[in-house]
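> dropping the sequence and predicted coords here.
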2 protein chains.
Amino acid sequence: MKNELLTELRRIVGDDWVVSDATLIESYLVDVTALPVRPTPGNDVVVVKPANPEEISAILRLANENLIPVVPRGGGTGCVGAAVPTRGGIVLSLERLDRILEVDRDNLMVVGEGGATLEKMLKEVEAADLLFPPHPGDEGAQLGGLVACNAGGTRAVKYGVVRQYVKGLEVVLPTGEIVTMGGKLLKNNTGLDLMHLMIDSEGSLGIITKVTFRLYPRFGATATIIISFEDRHAAIKAVPKILQTGVIPLALEYVERDVIEISAKHLGMHWPAAKGNAHLITIITGSSEDDVYQQTSDVLKVCESLGVVDTVMAETREEQADILKIRSELYPVLKPQVSDVLDMAIPPAQIAVFLDMVDEIARKYDTRIITYGHAGDGNLHPHLPMELFERGQLDEVKKEVYSAAAELGGVITAEHGVGKIRLKEVPLCIDAKSIELMRGIKRLFDPNDILNPGTAIP
Amino acid sequence: MKNELLTELRRIVGDDWVVSDATLIESYLVDVTALPVRPTPGNDVVVVKPANPEEISAILRLANENLIPVVPRGGGTGCVGAAVPTRGGIVLSLERLDRILEVDRDNLMVVGEGGATLEKMLKEVEAADLLFPPHPGDEGAQLGGLVACNAGGTRAVKYGVVRQYVKGLEVVLPTGEIVTMGGKLLKNNTGLDLMHLMIDSEGSLGIITKVTFRLYPRFGATATIIISFEDRHAAIKAVPKILQTGVIPLALEYVERDVIEISAKHLGMHWPAAKGNAHLITIITGSSEDDVYQQTSDVLKVCESLGVVDTVMAETREEQADILKIRSELYPVLKPQVSDVLDMAIPPAQIAVFLDMVDEIARKYDTRIITYGHAGDGNLHPHLPMELFERGQLDEVKKEVYSAAAELGGVITAEHGVGKIRLKEVPLCIDAKSIELMRGIKRLFDPNDILNPGTAIP
C-alpha cells in the first residue's frame, strides 16, 4: 500500500490503530471456514481500527478516492470466507466499537455498537433479567456481524433467526454517509425497507455500527429431552407431529447416534441415550415448570404412536448442559476430517428424503457424508469429508448435494451465507434476473465496488 | 386509452376481463382512505383482470412499451391511497388469482394466490386446525396486498407483523419477468434478500402472485381482560411492567373510556368496564386453560401495585367477542367525523408522553384529537377531526403530530404505509441519502416508472 495512503489512514484513526506488520495482522486474514475451501487473502493488507462511525466514514471516502477494497471485520466467526480480504486492501475491524450502550427494560430493547460481542450483550441482557431469544453458536460473534450475516442457530424453530429481532441500525454506507434505519420500533412501514436489505448483505452494502435488538422476558423453565427412534424416517416424521401438538420447542435438533458418540467420546463424556440410531434433541421452554411438564407430556404422548424406542429427560441444569455440550462440540471435533460444511435449507418435512439423497451421493463416491442439523427448521449441515478434497471430487459432490436440495425446493445456504466461497452455486437456486437485480443494488450502494467486493452477490 | 391498446389487452386476458365502462369500474378507483385526503383517480382508467402470472407479465410488457401506468389492486382495504390510479392507466385486479393452493400441515405452511382473501385463507387454515398468528383488521384484504403492505394489526405484540410470516413469494417484476423468492423455508441466506425488499414495497417493485406463509399450532386457550386505570400515564406505565412479567399478551390495546363508549353506544352495546378513564384491553393466550389462568394472575398481580382501579375478565367466547367488536368498530364509527387517521410508530414506553404532546397540539388548535391504538407495540392512531380540514389546518396539524413522533424516535407510519398521501412527510424521519437509494432501487426494478408510480417512495 502506498505510503501516502497509510499516512492518511493514520491521520484518520491515530497511529496506534493502523497495523500492517505481517505477524500482527495474521489473525485478521482468516475466519473459521474449513481449510480446504478457505479463500487465500491478498498480499497487501493493512488492518485499521476506527473508534467511531465518523472515522469509518472517512476511511470509506478515502478508499473510494483510491479504489482500495475495504473488508469489514467482526468476530471472524463466519464459515464462508466473507471476512477474508482476498483482494488485499483495508481490513476494517470493528473491535473498538464494543460497547453495549443500553438495555432498555421499558421498551424491551438492547442497543449496542457493531463491534460488541454477543457474549458481552448476553451478559448485560441477562443481568437485566431479560432474554435475547436466538442463539447463534459462537458467542465471539459481534453484533454487526450477527446482523450482516442474519445469524441463525438452534433456536430458530421457536424464535426465528436474528432478522426477526433487528429493529434499528446505524450504518455507514460504502460512499461514507452515516444513516439510521428504524429505531426502538416494533412496526415501521415508512418507505422501502432498507434495513431488511442490509440484514444478510454480508458487509457488501454498508458497515453496521449500531444495532437495536428486541428483547423478551426470560422463560420460566426448561427441559431437554432426547427422543430416540430406530431409523431416521421415523424420527423426521415425528417432527411435524410434535409441532402440531401446539408445542413449539425452543430447539429440535437431529443427530445420529454413531456421529454424536464421536463427540461424546472425544470429550470423555457419555451420550445418555442408549437405544435407537436416530435422535431428536428437544428443548422445551415455558412460563413455569408446570407448563413445561404439560408440554413435555403432550410431546411424548404423540411420539408414543410414532415408533419411539426410548426417551431420556434431562431436568437439572447440569444434565441439560452436558447434552448441549456434546451437541455443540460436534463440528470442532469433526472439523479436522472435513473439507467443507454445507448449510442447506429445505422444507422441514423433506429432511429424511434429503438425508437419503445425501447417502446415495455418498455411496456413489464411496465415502460417508455425516449430516446433522436443525430438524425443526429444515436446516442441515452435510459434512463433506477430507478425502473428497484429496481426490479432487469436492466440487462435483458439492454440486450434487446442492442440486438435491434445490430439487426439494431448498436453497444452498440457510444460515451461513454465500460469502466468497459459494458464489458460483447461487444460480442453482436463484434466477438470472434476481441476480441481475442484486448486482444493480450493489452498484447503487457501492458504485466503485470497494466494500467487501466479491462477497454475497455472484 | 387508445383502441389498439384495449384490443391488445383483450387479446391477453380475453374480452370479458377488460372493463372500461365508468359505472362498472367505480369501485376500483377508491380504497378506504378518509375522504378529505383520498387522492383523485385519473380519467382514463381501464380495469384488467388477468388469470395468471403469465398474463400479468404480458400486460406489464405491453405497459412498458406504451409507458402506461399499472396499479395493482388487491382487496382495496388500504387507507393511504396506494391503490388509487391517480395517473390513469391500467388497474390490474388480482381477483381471479383467488385460490388457496395448499395448507401443508407437515411443513406448517399455507400457499395461496395473490388475490385470495385473508378470510378465505383463515377458513382453510382453521379447518386444518392451524393458526395464522397475525390479524390485520379487514379480512377482505388479499394475500398479495397483506405482503405488499406488510400488514400489522392488534396481534403484533406477541406475534409480530406479516413480514415475519412470509417465507416465499412469486412475483411478476415491472419488466415482466416471473421470479420466485424463498419457499417453504424457515431459514434462507442466499444472496441479498429481495423477498424482504418486496415486503412493504406497496406494489411499486412487483406484483405478488403467490405467497407462502408460515403457520403455527392453534393456542389452547384465551382470556380477555380490561385493566382500568384512572389516567393514561398509569396505564401506559403498566405496559412494560406487564411485558416484564414474562407474559407477552396476544394483544395489548389502549383506549380511553369516553372514546370507546361512543362505539359501544353506536352499536347498542355496553362497555363492561365501569371505572377508570384509561383502559388496557389485554388478550392472553396459552397452551391450556391452566396456563392462561397462571399468566393472567401474573399480570393482575403486577398491576395491583400500579394503580389499577378495576379489572374486568371476559372468559366466555361471547364476552370476549363483544369487547373486540366494540374495539374494532371504533374506526368505522368515528370515520364520518374524521379527516385523516394517522399511524405513528414510537418506542412503546413513550406512548403517554406522545399522547400528552398530541393533546397539547389539539389544545393549540382548539380541537380534540382522539387517539387510541396498539399500546404493546407503540403504534397509535391519532384521528384528526373533520373541522381541521374545514378550517384548512389539516396539513399544519399533521406536520406537528408527525414531528412529535419523530422527536421521540418514531416514524410517520407503523402499519398503514406511505401510499400516495404520505409522500411529502417521509423526509421527517428518513434522511436524504436513504430516499435517494429508495429511488435508485425503484429505477432498477422499474426503469420506465410504470408500476404504481408515485407510491411508497417520495
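Done, it's in.
> would you mind giving the domain segments of chain A?
Per automatic domain parsing, the domain ranges recorded for chain A read A:3-93, A:100-217, A:221-328, A:331-433.
> ok, and does stretch A:351-363 reach over to chain B?
No. Using CB under 8 Å from any CB of the partner chain, we find that stretch A:351-363 stays clear of chain B, coming within 10.5 Å at best. Yep, even glycine has a C-beta here, placed from its N, CA and C like the rest.
> what does the stretch 51-200 of chain A put close to chain B?
By CB under 8 Å from any CB, the residues of the stretch 51-200 of chain A that approach chain B are A:104-109, A:129-130, A:149-150, A:152, A:156-157, A:160-161, A:163-164, A:173, A:177, A:179-194, A:196-197, A:199-200.
> restricted to strands, list those.
For these, the ones inside strands are A:104, A:109, A:130, A:179, A:180, A:181, A:182, with DSSP state E as the criterion.
> which of those residues has the weakest pLDDT?
Lowest in pLDDT among these is residue A:130, which has 93.
> which residues touch that residue?
The contact partners of residue A:130, by CB atoms under 8 Å, 6 or more residues apart in numbering or on different chains, come to A:103, A:105, A:108, A:110, A:215, A:216, A:217, A:218, B:244.
> separation between the fourth one and residue A:125?
I take that to be residue A:110. To residue A:125, residue A:110 is 6 Å away according to CB to CB, to the nearest Å.
> shared neighbours of these two, which are they?
A:103, A:132, A:215.
> before we move on, back to that, now the weakest link among the domains of chain A, please, by mean pLDDT.
Sorting these by mean pLDDT places domain A:221-328 lowest, at a mean of 90.
> tell me how far the ends of that domain are from each other?
21 Å (CA to CA, to the nearest Å).
> distance of residue A:336 relative to chain B?
Relative to chain B, residue A:336 is positioned 26 Å away (CB to the nearest CB, to the nearest Å).
> what's the local residue count around that residue?
As a burial measure, residue A:336 scores 9 neighbours (other CB atoms under 10 Å in any protein chain shown).
> cool, residue A:219 as well?
18.
> residues in contact with it?
Applying CB under 8 Å, 6+ apart, the residues near residue A:219 are A:131, A:250, A:285, A:286, A:287, B:246.
> for it, grab phi and psi.
Backbone torsions for residue A:219, taken as degrees, to the nearest 10, come to phi -80, psi 150.
> what parts of the stretch 201-350 of chain A come near chain B?
So far as CB under 8 Å from any CB goes, the stretch 201-350 of chain A lies against chain B at A:201, A:204-205, A:216-220, A:240, A:243-248, A:286-288, A:290-291, A:294-295, A:298, A:345-349.
> related to what we said a few turns ago, now, which of the residues of the stretch 51-200 of chain A next to chain B lie within helices?
When helices are assigned by DSSP state H, the members of these inside them are A:156, A:157, A:194, A:196, A:197.
> and which of these is nearest chain B?
Closest approach between those and chain B, by CB to the nearest CB: residue A:196, at 3.9 Å.
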